[in-house]
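Participant: A structural model of the following input is requested.
(2 chains)
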Amino acid sequence: MDFSNVIAGFGVVLEPMNLLYCLIGVIIGMLIGVMPGLGPVATISILLPLTYSIDPVAAIIMLAGIFYGAQYGGTITSVLLRLPGEASSVVTVFDGHALAKKGKAGTALGIAAIGSFIGGTISIIGLTLVAPLIASVALSFGPPEYAMLALLGILLVSTIGNGGALKSVIAAGVGLLLATVGRDTFTGGERFTFDSLALADGIDFVPIAMGLFGLGEIFYNLDERHNKIDSPAKIANIWPSRAELKESSGAFGRGSVIGFFLGILPGGGATLASLVAYAAEKRVSKTPNRFGRGALQGVAGPETANNAAATSSFIPLLTLGIPANATMAIIFGALLLQGIVPGPTLINDRPDLFWGVVNSMYIGNILLLILSIPLVGIFVKILSIRAAILAPITVLITLLGVYTVRNSVFDMVLVIVFGVVGYLMKKFGFEPGPLVLAFVLGSLMETAMRQSLRIFGGDVTGFVTRPISGTIIGVIFLLIIAIPVTKAIIARRAEKRFGVHLRPGENALSVTLAREAAAAPETGVIPTVSGKVSGKDSGKDDADAASTAAAKRKGGTE
Amino acid sequence: MADSMTSSSGKKVPTSAVVDDDELEDDEFVPAGPTANIGAAIAPLLLGAAGAYGSIQLGLGAPTDPGAGLWPFIICVLIVLCSIALLIGGKRFWDAEAFSRNSLIVGIALLTLVALVLALPYVGFEIPCLLLCFVWLRFLGKETWVMSIVISVGVTLAFWLLFVLALGIPLPRLF
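Facilitator: Alright, predicted model coming up:
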């Protein structure tokens, strides 16, 4: 492999403008991770108009920084307030907040920051080695392979992600349908435009993303506003001791590997990685009963994994042109806006962009480590800003922002329409993630499908007989059967064991872990006469609140 | 895969700890009734059916020469099939959320946005911006009068400085 481009990439990162946008990105990421209300997907969507006016490399560096920066920021509220800032920090609550209660909030944050840094860095190295290989294999892919890959990506995101699979597939279908609005590239005829001039060129990606993710989430938060924020725990001794680092070192390693691999998987991503890493730590631990009561590994493992996964989820996007989650779909859209089509040729056509973005993550992670250890006190102060004050500001940024893209009032109307749609979707249990993902892949998929049909002379069995597309179809069939069945089994078990029905955005695995963590009795607590263990009930509420809080506050999509 | 890992602790929750799950606190998730679940299936069903009809009008073509309507037709059939499955299995779904008094706030918020968009081309962005901010802070967010006024003026001023002065974006404006 040719390393000269990798090194040249560092030159790109070190350009002052790119460094500046990297810093802006990670600070925004930290902020939105800490602040109530918007998650990274919403923030990146709302900031899309800004990317028009800056250089593509700097734009993507900034958007990426927001994404992985939010993974750091989300930890702070998990540990201090028991409120996970991000869905991927839910499991951190169990042991992170338990540590904070013991007066070790600083240690928990320090370990989480160091773990995030290690996970992120290992994952970037993995990305650097793996991405060129995948891209070189993918160069031989033709339209049938692309059609099937896009289908696989959409199905994985629909089935693994939060929410019911059926509803997610419907959402994805609507996304694909929306992508067909406008002029047909093959026949030139107009489709579903209802003779509207504004729709003739198709629906723009920006208003859809800003509406569904940005405004939709603002509406949903208005509906859900709690304003019940406790005063954060006090932080002291943020630097972990050598013994504590040694204790967590195994978790750092395992978390990095779990995160890296689950991050590549479309639909897997940071949330699943953190859950699996927590479960894995508990399994390998010699003292699993300490989990839920302040085990350092219970913070180190998931925090390392979610950051590693956030980084490696760039791999399918940058090498195959298939976004692995909602955030990647937005970044995909941002690249398309700049006239760059992500895919296997990206690494050779735009090495500056590819290696610039990848290498910026090293710098970003170093910046985040600095921001989250010595400067953590500043971010904790932000917790006191009320959601009520942020809401009108974000809504105005969204509306005025979309106007600036094309000076179009029609786009503002579209944002409001999709905002209402996004709000209603969340209310009725549909995830907007698959819709947006399907929308960005829609025209690619249709083109590939129709080209394939021409190649095969109308014979659809051609998809099966080509070795690679045939294999992908095999995988699709396996997954269609395996994932819903596994999910149903986990959910049923959780429901049987704990007598709960899963709520929207809740993941059976996260509920199971939450209940287990809460069930761990406090040390030295003796069962009372009634047979109830004191302290346990509050623990259950803690974990319970935590497991739903992320889904409620930020939405399950990453 | 993940399933086997979770069972590792061997800890069982005593049944006494989980009796209170269906109680609904103030900000708890309230599942919607059957009407909402049926509606959630019928809306995409209608969309899919209408889309399928429209696709046939566009012309499906043949597999050897796909028409403009073939691809949307396939998608619409998929949407219709999934919606029917949702309709049939709807009773088992718990993920639709009931509307509450808070949902009214969303309605008001929506009205302010529509008003902003309607007024923008005529009176510029400053006054609608100021008013929207104030309504959201004072009435939707229950901030104090002073806070609401100070923040609204500050935000509007900041937007004016950012969009007009710094970025030079041709936003419709009064000043």
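
Participant: who are the neighbours in contact with the residue nearest to A:Ile24 when sequence neighbours are not counted?
Facilitator: Closest residue to A:Ile24 apart from its sequence neighbours, by Cβ to Cβ, 6 or more residues apart in numbering or on different chains: A:Met62 at 5.8 Å. Where you see a C-beta, it was placed from the backbone N, CA and C, and this is true even at glycine. Shown in contact with A:Met62 (Cβ atoms under 8 Å, 6 or more residues apart in numbering or on different chains): A:Tyr21, A:Cys22, A:Ile24, A:Gly25, A:Ile28, A:Leu47, A:Thr51, A:Ile54.

Participant: Point me to the helix or strand that includes A:Met62.
Facilitator: Assigned by DSSP states H and E, A:Met62 falls within helix A:56-81.

Participant: on contacts alone, who are the packing partners of the helix ranked longest in chain B?
Facilitator: The longest helix of chain B (DSSP state H) is helix B:34-58. If contacts are counted by 3 or more Cβ pairs under 8 Å, 6 or more residues apart in numbering or on different chains; DSSP states H and E, helix B:34-58 sits against helix A:165-179, helix B:70-89.

Participant: Of those, which is nearest A:Phe418?
Facilitator: Smallest distance to A:Phe418 across those (Cβ to Cβ): 9.5 Å, for helix A:165-179.

Participant: Could you export the closest one as PDB, CA atoms only?
Facilitator: The C-alpha coordinates for helix A:165-179 follow below in PDB (Å, rounded to 0.1, in the frame of the first residue of the first chain):
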ATOM      1  CA  ALA A 165     -38.400  -3.600  11.500                       C
ATOM      2  CA  LEU A 166     -41.700  -3.400   9.700                       C
ATOM      3  CA  LYS A 167     -42.100   0.300  10.300                       C
ATOM      4  CA  SER A 168     -38.500   1.000   9.400                       C
ATOM      5  CA  VAL A 169     -38.900  -0.800   6.100                       C
ATOM      6  CA  ILE A 170     -42.000   1.300   5.400                       C
ATOM      7  CA  ALA A 171     -40.000   4.400   6.300                       C
ATOM      8  CA  ALA A 172     -37.200   3.300   3.900                       C
ATOM      9  CA  GLY A 173     -39.800   2.700   1.200                       C
ATOM     10  CA  VAL A 174     -41.100   6.200   1.600                       C
ATOM     11  CA  GLY A 175     -37.500   7.500   1.300                       C
ATOM     12  CA  LEU A 176     -37.000   5.500  -1.900                       C
ATOM     13  CA  LEU A 177     -40.300   6.900  -3.300                       C
ATOM     14  CA  LEU A 178     -39.400  10.500  -2.400                       C
ATOM     15  CA  ALA A 179     -36.100  10.000  -4.300                       C
END
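
Participant: From the chain's centroid, how far away is it?
Facilitator: 19 Å (Cα atoms, centre = their mean, to the nearest Å).

Participant: what angle do that helix and helix B:70-89 make?
Facilitator: Relative orientation of helix A:165-179 and helix B:70-89, computed by axes from the mean of the first three to the mean of the last three Cα atoms, to 10 degrees: 150 degrees.

Participant: hmm, helix A:165-179 touching chain B?
Facilitator: Yes: using Cβ under 8 Å from any Cβ of the partner chain, helix A:165-179 reaches chain B at A:Leu166, A:Lys167, A:Val169, A:Ile170, A:Gly173, A:Val174, A:Leu176, A:Leu177.

Participant: The third one: neighbouring residues, count only.
Facilitator: Translated: A:Val169. Neighbour count for A:Val169, taken as other Cβ atoms under 10 Å in any protein chain shown: 23.

Participant: sorry, back to before: would you tell me what the next helix or strand after the longest helix of chain B is?
Facilitator: Where DSSP H and E defines the elements, the next helix or strand beyond helix B:34-58 is strand B:61-62.

Participant: Outside of the helix or strand that that next one is followed by itself, which residues are in contact with it?
Facilitator: Using DSSP H and E, the helix or strand that follows strand B:61-62 towards the C-terminus is strand B:65-66. Contacts with strand B:65-66, where a contact means Cβ under 8 Å, 6+ apart, come from A:Phe186, A:Met449, A:Arg450, A:Leu453, A:Arg454, A:Gly458, B:Leu60.

Participant: next one: stretch B:138-157
Facilitator: With Cβ under 8 Å, 6+ apart, stretch B:138-157 has contacts from A:222, A:386-389, A:391-393, A:396, B:105, B:108-109, B:126, B:129-131, B:133-134, B:137.

Participant: quick one: the strands in chain A?
Facilitator: A:182-183, A:190-191 (DSSP state E).

Participant: What strands flank the first one, and is each parallel or antiparallel?
Facilitator: Just to be clear, that refers to strand A:182-183. If you go by DSSP bridges, strand A:182-183 pairs up with strand A:190-191 (antiparallel).

Participant: Let me see the mean pLDDT of the strand it pairs with.
Facilitator: Per-region confidence: strand A:190-191 scores 88 on mean pLDDT.

Participant: and A:Met30, how many neighbours?
Facilitator: The burial count for A:Met30: 29, using other Cβ under 10 Å.

Participant: Let me see the contact set for the residue lying closest to it once chain neighbours are set aside.
Facilitator: Among residues not flanking A:Met30 along the chain, A:Gly73 sits closest, at 4.1 Å (Cβ to Cβ, 6+ apart). When contacts are counted by Cβ under 8 Å, 6+ apart, A:Gly73 touches A:Gly29, A:Met30, A:Leu31, A:Ile32, A:Gly33, A:Val34, A:Gly85, A:Glu86, A:Ser372, A:Phe379.

Participant: Listing request: residues of the chain with sub-threshold pLDDT.
Facilitator: Since no chain was named, I'll use chain A. For chain A, the stretches with pLDDT under 70 are A:1-2, A:36-37, A:161-163, A:225-233, A:499-508, A:519-558.

Participant: Hmm, no, I was thinking of chain B.
Facilitator: In chain B (pLDDT under 70), the answer is B:1-29, B:90-94.

Participant: Report the residue ranges of every domain in it.
Facilitator: If you go by automatic domain parsing, the domain ranges for chain B are B:34-92, B:101-166.

Participant: so can I have TSV of those showing mean neighbour count and distance to A:Asn365?
Facilitator: Output for the domains of chain B, formatted as TSV (neighbours: other Cβ atoms under 10 Å in any protein chain shown; distance: least, Cβ to Cβ, whole Å):
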stretch	mean neighbour count	distance to A:Asn365
domain B:34-92	18	40
domain B:101-166	17	30
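
Participant: Output those domains as TSV; include the columns distance to A:Val357.
Facilitator: Output for the domains of chain B, formatted as TSV (distance: least, Cβ to Cβ, whole Å):
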stretch	distance to A:Val357
domain B:34-92	32
domain B:101-166	27
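
Participant: in the stretch 451-558 of chain A, what residue is nearest chain B?
Facilitator: Chain B sits closest to A:Gly458 of the stretch 451-558 of chain A, with a gap of 3.4 Å, by Cβ to the nearest Cβ.

Participant: Hmm, A:Ser452 and that residue touching each other?
Facilitator: No: in terms of Cβ atoms under 8 Å, A:Gly458 does not count as a neighbour of A:Ser452; the distance is 10.2 Å.
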